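Engineer: A structural model of the following input is requested.
(2 chains)
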2 protein chains.
Amino acid sequence: MTSVDSEDTTSVLNRTAEYQPPRSIRTWLIGRPLSTADAPHQAIRKIVGLAVFSSDAMSSVAYATQEMFVVLAAAGTMAYGISIPISLAIVGLLVILTISYEQTIHAYPGGGGAYIVARDNLGELPAQTAAAALLTDYILTVAVSISSGVAQITSAFPALYPYRVEISVVLVAFVMLVNLRGVKESGAIFALPTYFFVVMMFFTVAVGLLRYLTGGLGVVVDPPPTEMLHGAQAVTVFLVLRAFSSGTTALTGVEAISNGIPAFRVPRSRNAGLTLIAMSVVLGTLLVGITFLSVQVGAVPSEEETVISQLARTIYDGRGILYLATMAATTVILIMAANTSFADFPRLSALAAKDGFLPRQLTYRGSRLVFSRGIVALALIASLLIIAFQASVTALIPLYAIGVFLSFTLSQGGMARRWWKSGHLLLDQEVVETGSRLVHDPKWRTKMVINAFGAVCTGIVMLVFATTKFRDGAWVVLILIPVLVYIFSAIHKHYRQLAASLSLDDYGVPPRTVRHRVVMPIGGVHRGSLAALSYARTLSDDVTAVYISLDPDEAARVREKWERWGEGVRLVVLDSPYRLLYEPFLQYIEELSAQRQPNETITIVVPQFVPRHSWHNLLHTQTALFLRMALLFKPGIVITDVPYQLH
Amino acid sequence: MTSVDSEDTTSVLNRTAEYQPPRSIRTWLIGRPLSTADAPHQAIRKIVGLAVFSSDAMSSVAYATQEMFVVLAAAGTMAYGISIPISLAIVGLLVILTISYEQTIHAYPGGGGAYIVARDNLGELPAQTAAAALLTDYILTVAVSISSGVAQITSAFPALYPYRVEISVVLVAFVMLVNLRGVKESGAIFALPTYFFVVMMFFTVAVGLLRYLTGGLGVVVDPPPTEMLHGAQAVTVFLVLRAFSSGTTALTGVEAISNGIPAFRVPRSRNAGLTLIAMSVVLGTLLVGITFLSVQVGAVPSEEETVISQLARTIYDGRGILYLATMAATTVILIMAANTSFADFPRLSALAAKDGFLPRQLTYRGSRLVFSRGIVALALIASLLIIAFQASVTALIPLYAIGVFLSFTLSQGGMARRWWKSGHLLLDQEVVETGSRLVHDPKWRTKMVINAFGAVCTGIVMLVFATTKFRDGAWVVLILIPVLVYIFSAIHKHYRQLAASLSLDDYGVPPRTVRHRVVMPIGGVHRGSLAALSYARTLSDDVTAVYISLDPDEAARVREKWERWGEGVRLVVLDSPYRLLYEPFLQYIEELSAQRQPNETITIVVPQFVPRHSWHNLLHTQTALFLRMALLFKPGIVITDVPYQLH
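Structural biologist: So this is what the prediction gives:
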């Protein structure tokens, strides 16, 4: 497939590489490589999209109640009841968030994550902050969800408790592999279980309420040892706010749908918006229902058995088939929540990399057309977190949610600013921004107030969280996010400077080379160095061979051989009294380089052995390698390796 | 300092590099670099030489008795007495060894280690075996001696017992640094203490005997818990042989003087021989004396307190000044024994490397004119051993001594063969071998019998050791030595093949390059690639730029820019459907390479960014690096880096 077409004097040939990637252990694990032409153009079906995007949010009900209890335990058993009004307050916050995000979804049909909204409306620094907050959050989502999922498993099968860290890491690896295979498969694997979870949870809550109303709901038999985050204390406002902060982890993942709008079928924004509302209703109902029933059955927070497990075995009178089904559904949705991050983290890092805030390599798609590097990075960091925190949800929670609420605030603040911009456009004016089109909206004032109110509410929650959880671990995130922002800025600066120094604007073609000096370091006179000499002489008539002498006898032998084989080329013998090989040569090049004229090029021709087996390299000083590393930094010097293959 | 002298057409310039190595943490630790001209030409003084070469052998008395006791403990307290006849048998073996080595010293005035004797008289495989045995032995000498030295310290100061591994590793590092500074200093530091040890030990044994004869010698007060290597058993021949094997560790180090003959003043062989006899007398006397007294005072083997410590505090009635002086002398001589290995290991590895059995780098002298690489390697491996065996002498002993006795056997066997050769020479015939001159010796029959008897005796001891200690750890060494021999052979094969393929015998000058094709992969059209293009055009008129296209839009932009800036050079756009960068390019080069004529050279010109900070490399795909690695293996292809420094 070669097509030639030449314009003027430049000929351009177009070919398609026929290289077929070979089969390997890798293709067995993640599937055969996909050609770029195989990229799926159809959107994920709505039912699959809902499963992928809402599992993160809905799964939070598996730990939110328990984490409130952990805090309230400090004020004694009676304090658990406070979690009911707290959960109602959280539902209130959920309503505000849902209305706010509903507006975002319609404004950004192409996908309106916090990063895009902040970048387009608030500027570079808020965008970098949003990226830092979100990436941190995605990592923590994986760690928290998998740890909680494994906590459900070990609640049902206590014998597995000592292996919780190992099981968690294996599950992270499994989700990573599924995602490395690509979107289509991961959607199919994860669609059904979401609905299974919703049905099981509603059924459990319904049975529980029925038994409560008929007076037949007992209390937890043989409850596990209670766990407390702090020592005994009274019910203070601080304690209630701290419990509220723990409960807000239920709202993590609500923004997922706004990232994934392009995956829905048309009309995209409408379908996505309806899904958002459906998800919020399910989430709010389950949170209140589970919290209410958990208080009634007297469940206690514990690392050994989750509140969900205590609730389910009380409602179903023991560890029967319905209990096991509930636990299985909860475990699976938590693993799917981790899967959401595996969709979002690589996409966001590719987006930020494209904008020059992260290494460019993150924008490359792997053999299965997914952002493999981002997927692997996420799995590695999350696994390290799980190991460091011993798969304890309670230990991880104080680090969570700050990033989420920071991104909520930036997103809603950005939307408010957008409505303000929209209100100041002319009626028929249209502004195309990177992430969306902006037109005049007659209802801009109302919409701006709604988003601004959302921003203020989530901002306050973030401050409450940071204050009440500071000493429990939130400080880690409060240091991490600025550090990440600094790194993003440093990377961005490098790419900007690179582009400037490579730019062809004002580029004058460099002066033609008039003089070409060739310098060739040799370690001896043999077939390898003579092959290099032969090449060096094709480059220029001005060739100098340099031999570093550590031993006078050896130098005399080299000299004698050179007189016979050196083709009349000048040899410089550099005595090295300190037995150093590189430094004297580099000093010699430095001298030549200092005398260099602008139209003069110096080429260093380095003869290089290439042994048959790579372990043989251990048996040679890697002169060529070290010289190259040292010489790369000197301007006007070109380094040429003349390999000599040994057979 | 430049001198020119030209013969025929080849000019050879001689310069001395004026590079002065800078001061650094390194110069502070091991001293300023020494010029090759500073190499000491005077021999070490005899008194220093004796200290350096005999400390290994003499220090063995610090643990040999204890290791016999560990074995005999299995047969009960009464069995300890068997160690007295065993130590007399060991002295008998010492006499045989001394006479045998006395002959070696006179036959090899230039130094007659087992490796040299085996190489010159028995051939390559025995030489490699001797090298493997000796190198293993040197490493174990460091581990055993330092561990035993630290055991003396922790006997005197039991509070330090938990830190024995850390103290051992620090001591190894200390001895390493002393040796990295160089011979002269290490000799001076270690001369006095040998004599201090000899005096203290003779004094202690003398006082002990005096008190024994006058009936005033008591028994050990408050002995430490007894340690046993195996469960309780009767006194069997096997048990006695096993105790004998443990005791033969006293003979390790006897060969050291034969390695170091050139360090003695003339008449070298005579001085070295006298020193050997003196050393053997001291060693034999102390071994029998200490063993006899240890039995009398009822000392028991223990990890917590050494037999030497129990003996000394019984003889001196407690931990007074004389006790502490004895322990200090023992500790210091053991550290010096480790120092012996630091002299021998690097020298032997340099010798084996020069013969092509080990990497050539081991023959390079470091900044202080010592074989730094060998010294550092020895320190690292010995430290790992000490950590693995928790600085336990009893655990290390079963690995020791096999190597020593194997080298004894090879050395004496080699000497026997040498006398046989000597006897078959004509009266005035002289054969120059690598390590010595060989002339007819009229007494060759007697000398051959003496060395052959030595070889048989040491061979039997080696077999006894391997059999009785097999399960305790000797199997490790019995596997390790053949593995090392295999590695040496593989390295030797590589160097032989290398020499053959570089040899200029039958070398025909390669055909002059007639056609020079230049291929230049580009990642985009910018200042970096245009600088490389400008260089490429100085090499040849046949230049092709190659762009790997992952994205059609990007490819169109590159093509457009190339038409403007490409100076009419041909551009090949390679579509890569699987988004691979290297493989399609390599396939393209493969095709060109297949069509290559003998007088044609292909040069790949690779534009390479050089960022200001090395961490910036993380932000770029290292195309140039990977291409070079892949292309080095293709014959007839030269790789040129054109660096483009970013400012």
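Engineer: check which helix or strand covers the residue of the stretch 451-600 of chain A found nearest chain B.
Structural biologist: Here the stretch 451-600 of chain A gets closest to chain B at one residue, A:P584, 3.2 Å apart by Cβ to the nearest Cβ. Placement of C-beta: from N, CA and C, glycine included. Assigned by DSSP states H and E, A:P584 belongs to helix A:582-594.
Engineer: in that helix, what's buried?
Structural biologist: A:Y582, A:E583, A:P584, A:F585, A:L586, A:Y588, A:I589, A:S593 (16 or more other Cβ atoms under 10 Å in any protein chain shown).
Engineer: again with stretch A:527-545
Structural biologist: Those buried within stretch A:527-545 under the rule 16+ other Cβ under 10 Å are A:527-540, A:543-545.
Engineer: filter those residues down to the ones near chain B?
Structural biologist: With Cβ under 8 Å from any Cβ of the partner chain as the criterion, the members of the buried residues of stretch A:527-545 in contact with chain B are A:R527, A:G528, A:L530, A:A531, A:S534, A:Y535, A:T538, A:L539.
Engineer: which member of those residues is positioned nearest B:V235?
Structural biologist: A:G528 (66.7 Å; Cβ to Cβ).
Engineer: isn't the closest one up against A:P607?
Structural biologist: Yes. Using Cβ atoms under 8 Å, A:G528 is in contact with A:P607, at 4.9 Å.
Engineer: shared neighbours of those two, anything?
Structural biologist: A:Y644 (Cβ atoms under 8 Å, 6 or more residues apart in numbering or on different chains).
Engineer: okay, the residue in the stretch 301-450 of chain A that chain B sits nearest to: pLDDT?
Structural biologist: Nearest residue of the stretch 301-450 of chain A to chain B: A:P359, at 4.7 Å (Cβ to the nearest Cβ). pLDDT for A:P359: 91.
Engineer: tell me who's in contact with it.
Structural biologist: Counted by Cβ under 8 Å, 6+ apart, A:P359 has contacts A:A353, A:I491, B:L618, B:L619.
Engineer: are any of the residues you listed buried, and which?
Structural biologist: A:A353, A:I491, B:L619.
Engineer: share the number of residues neighbouring A:V220, please.
Structural biologist: By the criterion of other Cβ atoms under 10 Å in any protein chain shown, A:V220 has 18 neighbours.
Engineer: what about it, distance to A:L311?
Structural biologist: A:V220 sits 8 Å away from A:L311, going by Cβ to Cβ, to the nearest Å.
Engineer: what do those two both touch?
Structural biologist: Joint contacts of A:V220 and A:L311 (Cβ under 8 Å, 6+ apart) are A:V297, A:A299.
Engineer: sketch out the low-pLDDT regions of the stretch 151-300 of chain A for me.
Structural biologist: Along the stretch 151-300 of chain A, the model assigns pLDDT under 70 to residues A:183-190.
Engineer: so which residue of it comes closest to chain B?
Structural biologist: A:G182 (13.4 Å).
Engineer: doesn't A:L34 make contact with that residue?
Structural biologist: Yes. At 7.2 Å, A:G182 counts as touching A:L34 under the criterion of Cβ under 8 Å.
Engineer: what is in contact with those two at once?
Structural biologist: Contacts common to A:G182 and A:L34, judged by Cβ under 8 Å, 6+ apart, are A:R368, A:L369.
Engineer: so how far is the helix holding A:P584 from its chain's centroid?
Structural biologist: Its chain's C-alpha centre lies 45 Å from the corresponding centre of helix A:582-594 when counted by Cα atoms, centre = their mean, to the nearest Å.
Engineer: near chain B, which residues of the stretch 251-400 of chain A? Just list them.
Structural biologist: Residues of the stretch 251-400 of chain A lying near chain B (Cβ under 8 Å from any Cβ): A:P359, A:R360, A:Q361, A:Y364, A:R365, A:G366, A:S367.
Engineer: thinking again about what came up before, quick one: list the elements packing against the helix holding A:P584.
Structural biologist: strand A:515-522, strand A:542-549, strand A:570-575, strand A:600-610, helix A:623-631 (3 or more Cβ pairs under 8 Å, 6 or more residues apart in numbering or on different chains; DSSP states H and E).
Engineer: could you pull up phi and psi at the residue of the stretch 301-450 of chain A closest to chain B?
Structural biologist: Main-chain torsions, A:P359, degrees, to the nearest 10: phi -60, psi 140.
Engineer: residue contacts, the residue of the stretch 451-600 of chain A closest to chain B?
Structural biologist: A:I548, A:L574, A:S576, B:A17, B:Y19.
Engineer: am I right that the second one is in contact with A:A545?
Structural biologist: It refers to A:L574. No. A:L574 is beyond contact range of A:A545, at 11.0 Å (criterion: Cβ under 8 Å).
Engineer: helices along the stretch 1-150 of chain A, start to end?
Structural biologist: All helices of the stretch 1-150 of chain A, identified by DSSP state H, counting those that start in this stretch, fall at A:25-30, A:46-59, A:61-72, A:83-107, A:114-121, A:124-156.
Engineer: over to the stretch 401-550 of chain A?
Structural biologist: Ranges of helices in the stretch 401-550 of chain A, per DSSP H, counting those that start in this stretch, are A:402-423, A:444-468, A:474-502, A:527-539.
Engineer: put together a markdown table for these, with mean pLDDT and distance to A:V207 on each row.
Structural biologist: Shown next, in a markdown table, are those (pLDDT from 0 to 100; distance: least, Cβ to Cβ, whole Å):
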| stretch | mean pLDDT | distance to A:V207 |
| --- | --- | --- |
| helix A:402-423 | 93 | 32 |
| helix A:444-468 | 92 | 33 |
| helix A:474-502 | 91 | 38 |
| helix A:527-539 | 89 | 82 |
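Engineer: which one of those helices is the most hemmed in?
Structural biologist: helix A:402-423 (a mean of 25; mean count of other Cβ atoms under 10 Å in any protein chain shown).
Engineer: which secondary structure elements does that one contact?
Structural biologist: Going by 3+ Cβ pairs under 8 Å, 6+ apart, helix A:402-423 lies up against helix A:83-107, helix A:114-121, helix A:124-156, strand A:437-439, helix A:444-468, helix A:474-502.
Engineer: what about that helix, distance to the chain center?
Structural biologist: 22 Å.
Engineer: circling back to that earlier point, let me see the contact set for the residue of the stretch 151-300 of chain A closest to chain B.
Structural biologist: Residues counted as contacts of A:G182 (Cβ under 8 Å, 6+ apart) are A:G31, A:L34, A:R368, A:L369, A:V370.
Engineer: one more time with 7 Å
Structural biologist: Applying Cβ atoms under 7 Å, 6 or more residues apart in numbering or on different chains to A:G182 gives the contacts A:R368, A:L369, A:V370.
Engineer: enumerate the residues of the stretch 451-600 of chain A near chain B.
Structural biologist: Applying Cβ under 7 Å from any Cβ of the partner chain, one finds that the stretch 451-600 of chain A approaches chain B through A:491, A:494, A:497-498, A:501-502, A:504, A:507, A:510, A:513, A:516, A:526-528, A:531, A:534-535, A:538-539, A:559, A:562-563, A:565-566, A:568, A:570-580, A:583-584, A:587.
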